[in-house]
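K.L.:
quick one, structure for this:
(one chain, ligands or ions: 1)
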Amino acid sequence: MLFGREDIRRRIEELGRTITGDYEGREPVLISVLKGGTVFLADLIREIPLPLRVDFMSISSYGRAAESMGRVRILKDLDEDIGGQHVIVVEDIVDTGLTLSYLLSVLESRGPASLEVCTLLDRSARRIAPLSLRYVGFDCPDVFVVGYGLDVGGRYRNLPDILAVEDQAAVTADPAALLPFLDPGAGR
Ligand code: 5GP
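P.N.:
Below you'll find the model as predicted:
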């Protein structure tokens, strides 16, 4: 286990307090990138007592294969115009940064009043696209992670803790490998 549910909860409380202070008097729009960022978004917004709104976007993912970097596409766009709005992009993990840097350039072109990033995990060791991340939950080591929204082959987004997966191929080959960790008491 890399980050347990209690550590995650406490860190999100802190992030929420910081964001609330920074955006006081404003009505930020929090944008989540489907699907991994949704669990984090759901917990984060409940720590921000401001009149905020949420919106969702889905972009094609190349996973860890950064060589296919030209292939990022918008699969689902935002419902609302973000022109003149204070936008915070909420991400599960920023790895190479290629996905996010593409997304930010698209959002920037729509004329928001401000545009910041809040990511739960920052794996800066693998960064290719230089990015400034205003809010970071945890620095993440260079190991594949799963849980709390992050999947392996579409599964295990519902793990309450974040696990480091040493043998990603083994978990992909055996979808039941992490089932014991879904037990509600597993990480306690
Ligand atoms: P980037 O474009 O920064 O390389 O990758 C960003 C996306 O790749 C993340 O939003 C996430 O969906 C996926 N990703 C990157 N690293 C991991 C990881 O360790 N575990 C999982 N489950 N997804 C990851």
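
K.L.:
buried residues, the biggest helix by length in the chain. List them.
P.N.:
The helix that spans the most residues within the chain, counting by DSSP state H, is helix 5-22. Under the neighbour-count criterion of 16 or more other Cβ atoms under 10 Å, helix 5-22 has 5, 8, 12, 15-16, 19 buried. In short, each C-beta sits where N, CA and C put it, glycine included.

K.L.:
same check on stretch 109-120?
P.N.:
By 16+ other Cβ under 10 Å, the buried positions in stretch 109-120 come out as 112, 115-120.

K.L.:
about what we covered before: against which helices or strands is the longest helix of the chain packed?
P.N.:
Contact here means 3 or more Cβ pairs under 8 Å, 6 or more residues apart in numbering; DSSP states H and E; on that basis helix 5-22 packs against helix 38-45, strand 114-122, strand 135-139.

K.L.:
ok, 7 Å please
P.N.:
Counting contacts by 3 or more Cβ pairs under 7 Å, 6 or more residues apart in numbering; DSSP states H and E, helix 5-22 is packed against helix 38-45, strand 135-139.

K.L.:
apart from its neighbours in sequence, what residue is nearest residue 26?
P.N.:
Using Cβ to Cβ, 6 or more residues apart in numbering and skipping residues adjacent in sequence, the residue nearest residue 26 is residue 86, 5.1 Å away.

K.L.:
what's the burial count for the closest residue to residue 20 other than its chain neighbours?
P.N.:
Counting by Cβ to Cβ, 6+ apart, residue 20 lies nearest to residue 48, which is 5.1 Å off, once chain neighbours are set aside. When neighbours are defined as other Cβ atoms under 10 Å, residue 48 has 19 of them.

K.L.:
can you tell me how far residue 48 is from the ligand?
P.N.:
As defined by Cβ to the nearest ligand atom, to the nearest Å, residue 48 lies at a distance of 21 Å from the ligand.

K.L.:
what does residue 176 give?
P.N.:
Between residue 176 and the ligand the distance, using Cβ to the nearest ligand atom, works out to 18 Å.

K.L.:
okay, now that residue: neighbour count?
P.N.:
Other residues near residue 176 number 8, with proximity taken as other Cβ under 10 Å.

K.L.:
about what we covered before: residue contacts, the residue nearest to residue 26?
P.N.:
23, 26, 28-29, 113-114 (Cβ atoms under 7 Å, 6 or more residues apart in numbering).

K.L.:
do a quick rundown of the helices in the chain.
P.N.:
Under the criterion DSSP H, the chain carries helices at the ranges 5-22, 38-45, 98-108, 168-173.

K.L.:
now the longest one: average pLDDT?
P.N.:
Okay, so that is helix 5-22. Mean pLDDT, taken over the full extent of helix 5-22, equals 98.

K.L.:
can you check what angle separates that helix from strand 135-139?
P.N.:
Between helix 5-22 and strand 135-139, the angle formed by their directions is 160 degrees, by axes from the mean of the first three to the mean of the last three Cα atoms, to 10 degrees.
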